[in-house]
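Student: kindly return the folded structure for what I paste below:
(chains A and B)
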Amino acid sequence: MKKLSLCLLILLSAICSFQSIYANDSDIIYQDSDYNRLKAVMQHVDNVLYYGHGYNQETLLLPDAINTLTGEPARWVFPNRASVPYADLANQQNFFRTLVALSKVTNESKYKEDAIDMLSYFMENYQDSNGLFYWGGHRTINLDNLEVQSTEGPNGPHELKNMMPFYELMLEADEERTTRFMKQLWTAHFEWATSDLNRHGSYSTAFDGNVFGQLIPDDVIKMDEMGYPIIPNDSPGKLPFVNAATDLAYAAFALSHQTGDPVPKQWAEYLMKQYHLASNPDTGMTVYQFKSTLVTKSLEDCSNPAYTNSGCGDRVARQFRDFGSIARESNVAWKNTQAVYVDNVLMLLEAAQKYGVSYFVDWARDYLEGYLEYAYIRIDGQNKIIPMFIDGTVTYGYVVPEVGYFGPSKMRIDYVDLPSTYLLPIFRTIVQTEKIEDRAKLWGYLRDIMHTFGLGDIGDVDGLSPKLELDTAIDDPFALMTMVELYEFTKNSVYLDAARTIADNIVTKRFHRGFFVESEIMLYSRLDQPDTLALLTLDAVLRGISLTDMPFYLADSGYIHGYLLADDGVTEDRSYTQNVIYTKTIYDWE
Amino acid sequence: MKKLYLFWILIISTILLVGCQKNETPVPDEVPIDVYQKLVLAETLSGMADMTKTVIRVSGNLGLPTEYDGVTITYTSRMPNIIDNNGIVTLPTTCWIESRNQQGGIEEAFIGLNDNWPVVLDVVLTFENQTRTAKLLFVVAPQEGYSCNKYLG
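Tutor: Residues are numbered from 1 along each chain as shown, chains lettered A, B, ... in the order given. This is a model prediction of the structure:
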């Protein structure tokens, strides 16, 4: 009897202990619904690999997007009606991140091995002798004949705009070719003598082994007597757009990290500093470019406002001249804001975290706080931006008198949407800000923006008392990644509950015909879409894998730009894949 | 002896099972106020944005609410000479922007194109030391007989 009672006691104690453990970790129990989401990602990946590789078995390359009705690659139709299935690896970086993430969460190495095989094949076969890869905005690979195709005339330039390649994996696949590319990216795009930066790089520029051998010059941006930046107007058509600079800087940081040579990193810091110096010291808002173009065209050519060539000088100064000297391309805060405040900030934060440039976090916070303080507004329950110049001069309601680079005559400047892509840069800036008191302002904006998106209340800055909308209908990958990172930051499992709801919504609303698409009726599944990577970040956290061990989301800005046949089948157009191809629905398919 | 054992087992089992229960916070008698939600409702329901939908053509008081359900609402204008911090409108005597053609010449078609002023008010809603910020953008027409000779290009 004694033994029996002892056994009973031990049994009861064991049950009690088990329940305690269960109660502590109940929020990270992996559930059937979690597995169903993972299964959807695996199915998508398997289908992309199956149909993508199935089109032309002589290559390891995949198309940028797949027709979800037929499994065929998306095609770029040139004005001469040549229909080209295209593979542009600059536009597939989130798929490579997805493959690596999938290997992490499943412990199956085959996905990552596939990614490395594809990248190795690409680098071996499609690197110009000067070091540049055949990829980016104007070059792609024709999957029919495996030849390089230019979409911008016969000799399209090299262009990366916020594509931020997955360099860690590329270096693992082929270090020599990757570092050669990183160096040549600067040789082809940066002018050492004048600090001009050209978004277009030539494939004819010879490789320079001593690319970073120059002395770092004085800052381009000087201040006037009032302490305001002077934007030079001496750039001969080589506009230093921040989205091109972001890629240059990112490559240089990764190169220094890989080789241990600090000089590329110093150049990257110098380059990004010019944008910082050109920012408005009163508002904190920053710039899209730190130079205006030199006037090189004749007065006669430029007298026609419809002629928007940058050789006629600053295009905003021409079209928005009524506003006086603040009207410069650099100072516009209602266009290209994704490049300035999302992609650029994400790169700055990545550089701070991985490459030790910690003061970039302060810059990122200044930019975002300034922008949101001056321009963020809620209109009819929606997150919007008041159009303005970076000194705070409002342009809302302005009716443009004449046609120009920014649009047609009589165009009225309206509020601009603030999309969910802003969530990650705002939140990551908060996380990387050391002093808690410095986090409060951005947290307040994040709280309001997320609430307005219908995600509920994320609570105070400690994240301990959120009242999230756990039945939210949001199916947004950026909201999902933010919720997952909120959990990682606070360890409050309510954020995971919300993340699971959003993730379920993504699968329900975006997973169709075996692929992730933007919505059920959209025809093409893009390899660069962020949905699968977002779902895998949640899966990783549910499995106890730290996000620092996962591929980091940086951008999904991949595109092709150039000449193509318009939808009417007759006229020639010059446009983007995002505007012409990825807008097609299943009803457009005959 | 058997009964004693059984008795002790029952006592210990009861203690253990009670110990297994989750620690739950006692439910207070009154539901605490959700301050954030209160601030959101004040922004939405106070009517402070009502006049942002139309062009303001008359000087006078906009009647901006300064309180809603215990929430204090204050305003700071970015152009106090047109709308002051109390919501008093003074129609401006000049146009907002004078538009001219690229050569700086006056064109009939551009006259009156950009007369109305966009005026932003920064709003702070406060309840129990918690705040929420908002913005309002009003469009104000210049007063009759206004001038428009201020080309900056």
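Student: which residues of the stretch 301-450 of chain A fall in strands?
Tutor: A:376-379, A:382-385, A:416-417 (DSSP state E, counting those that start in this stretch).
Student: need the ones you listed in TSV with mean pLDDT, mean neighbour count and distance to residue B:93, can you?
Tutor: C-beta coordinates here come from the backbone N, C-alpha and C atoms, glycine included. Formatted as TSV, the strands of the stretch 301-450 of chain A follow (pLDDT from 0 to 100; neighbours: other CB atoms under 10 Å in any protein chain shown; distance: least, CB to CB, whole Å):
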stretch	mean pLDDT	mean neighbour count	distance to residue B:93
strand A:376-379	98	20	27
strand A:382-385	98	19	30
strand A:416-417	97	13	31
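Student: count the residues that sit near residue A:106.
Tutor: By other CB atoms under 10 Å in any protein chain shown, 16 other residues sit near residue A:106.
Student: list the buried residues in stretch A:391-400.
Tutor: A:391-392, A:394-400 (16 or more other CB atoms under 10 Å in any protein chain shown).
Student: out of those, who's near chain B?
Tutor: Checking the buried residues of stretch A:391-400 against chain B by CB under 8 Å from any CB of the partner chain, the ones in range are A:392, A:394, A:396-399.
Student: for chain B, which residue is closest to the average position?
Tutor: residue B:134 (3.2 Å; CA atoms, centre = their mean).
Student: give me the distance between that residue and residue B:48.
Tutor: 8 Å (CB to CB, to the nearest Å).
Student: would you check how far apart the closest residue to chain B within the stretch 451-590 of chain A and residue B:66 are?
Tutor: Going by CB to the nearest CB, chain B is nearest to residue A:457 of the stretch 451-590 of chain A, at 5.1 Å. Distance, residue A:457 to residue B:66, by CB to CB: 25 Å.
Student: more neighbours: which of the two?
Tutor: residue A:457 (18 against 14).
Student: chain neighbours aside, what residue packs nearest to that one?
Tutor: residue A:467 (4.4 Å; CB to CB, 6 or more residues apart in numbering or on different chains).
Student: tell me, how many residues neighbour residue A:491?
Tutor: Neighbourhood size, residue A:491 [other CB under 10 Å]: 13.
Student: how about the contacts made by it?
Tutor: Applying CB atoms under 8 Å, 6 or more residues apart in numbering or on different chains, we find residue A:491 in contact with no residue.
Student: so what does it look like in phi/psi?
Tutor: Note on residue A:491: its backbone torsions stand at phi 60, psi 20 [degrees, to the nearest 10].
Student: could you do residue A:465 as well?
Tutor: Dihedral pair for residue A:465: phi -130, psi 50, per degrees, to the nearest 10.
Student: likewise for residue A:73?
Tutor: phi -70, psi 150.
Student: next, the nearest residue to it once chain neighbours are set aside: secondary structure please.
Tutor: Closest residue to residue A:73 apart from its sequence neighbours, by CB to CB, 6+ apart: residue A:63 at 3.2 Å. Taken by DSSP: H, G, I helix; E, B strand; the rest coil, the conformation at residue A:63 corresponds to coil.
Student: residue A:63 contacts residue A:144, correct?
Tutor: No. Here residue A:63 lies out of contact with residue A:144, judged by CB atoms under 8 Å, at a distance of 11.0 Å.
Student: looking at those two, which one has more neighbours?
Tutor: residue A:63 (28 against 16).
Student: would you mind measuring from that one to chain B?
Tutor: Residue A:63 sits 45 Å away from chain B, going by CB to the nearest CB, to the nearest Å.
Student: ok now whichever strand or helix holds residue A:54, how far from the chain's centre?
Tutor: Element membership for residue A:54, per DSSP states H and E: helix A:32-55. Taking CA atoms, centre = their mean, to the nearest Å, one finds the center of helix A:32-55 at 23 Å from the center of the full chain.
Student: can you measure across stretch A:294-310, start residue to end residue?
Tutor: For stretch A:294-310, the first and last residues are 8 Å from each other (CA to CA, to the nearest Å).
Student: residue A:304: neighbouring residues, count only.
Tutor: 12.
Student: residues near the residue nearest to residue A:419 when sequence neighbours are not counted, how many?
Tutor: The shortest distance from residue A:419 to any non-neighbouring residue, by CB to CB, 6+ apart, is to residue A:338 (7.5 Å). Applying other CB under 10 Å, we find 16 other residues in the vicinity of residue A:338.
Student: for residue A:338, give its distance to chain B.
Tutor: 21 Å.
Student: repeat that for residue A:292.
Tutor: 15 Å.
Student: phi, psi of that residue?
Tutor: For residue A:292, the backbone dihedrals are phi -110, psi 160 (criterion: degrees, to the nearest 10).
Student: right, and it touches residue A:236 too?
Tutor: No. Counting by CB under 8 Å, residue A:292 sits too far from residue A:236 to count as a contact (11.1 Å).
Student: those two: which is more packed in?
Tutor: Taking other CB under 10 Å, residue A:292 and residue A:236 do not tie; residue A:292 has more neighbours (22 against 16).
Student: for that one, what are its contacts?
Tutor: Applying CB under 8 Å, 6+ apart, one finds that residue A:292 lies in contact with A:231-233, A:235, A:313-314, A:317, A:328-330.
Student: likewise residue A:167?
Tutor: Applying CB under 8 Å, 6+ apart, we find residue A:167 in contact with A:178, A:182, A:250-251, A:254, A:258.
Student: who wins for most neighbours among these?
Tutor: Neighbour-wise, these (other CB under 10 Å) top out at residue A:250, 28 neighbours.
Student: any idea how far chain B is from that residue?
Tutor: 34 Å.
Student: just checking, that residue is part of a strand?
Tutor: No. Assessed with three-state DSSP, residue A:250 is helix; it does not lie in a strand.
Student: ok, it - contacts?
Tutor: Neighbours of residue A:250 in contact, by CB under 8 Å, 6+ apart: A:164, A:167, A:268, A:347, A:350-351.
Student: repeat that with 6 Å
Tutor: If you count contacts by CB atoms under 6 Å, 6 or more residues apart in numbering or on different chains, residue A:250 has them with A:164, A:347.
Student: so what's it scoring on pLDDT?
Tutor: On the pLDDT scale, residue A:250 is placed at 97.
Student: how much space between residue B:80 and chain A?
Tutor: Taking CB to the nearest CB, one finds residue B:80 at 15 Å from chain A.
Student: count of neighbours near that residue?
Tutor: There are 15 residues near residue B:80, going by other CB under 10 Å.
Student: ditto for the one 4 residues further on
Tutor: Burial measure for residue B:84: 17 neighbouring residues, criterion other CB under 10 Å.
Student: go ahead and confirm residue A:272 touches residue A:249.
Tutor: Yes. Counting by CB atoms under 6 Å, residue A:249 is a contact partner of residue A:272 at 5.4 Å.
Student: so between those two, which is more surrounded?
Tutor: Using other CB under 10 Å as the criterion, residue A:272 and residue A:249 rank with residue A:249 on top: 29 against 24.
Student: can you pull out the low-pLDDT segments for chain B?
Tutor: By pLDDT under 70, the low-scoring segments of chain B are B:1-29.
Student: so where do the strands sit in it?
Tutor: Using DSSP state E, the strands of chain B run over B:55-56, B:60-61, B:67-68, B:71-77, B:88-89, B:117-127, B:130-140.
Student: reformat the ones you listed as a markdown table; add distance to residue A:484.
Tutor: Shown next, in a markdown table, are the strands of chain B (distance: least, CB to CB, whole Å):
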| stretch | distance to residue A:484 |
| --- | --- |
| strand B:55-56 | 45 |
| strand B:60-61 | 49 |
| strand B:67-68 | 36 |
| strand B:71-77 | 33 |
| strand B:88-89 | 47 |
| strand B:117-127 | 31 |
| strand B:130-140 | 26 |
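Student: the helices in chain B, which residues?
Tutor: Secondary structure of chain B by DSSP state H: the helices cover B:2-20, B:35-45.
Student: the last one: which residues count as buried?
Tutor: For helix B:35-45, the buried set under the neighbour-count rule, 16+ other CB under 10 Å, comprises B:35-36, B:38-40, B:42-43.
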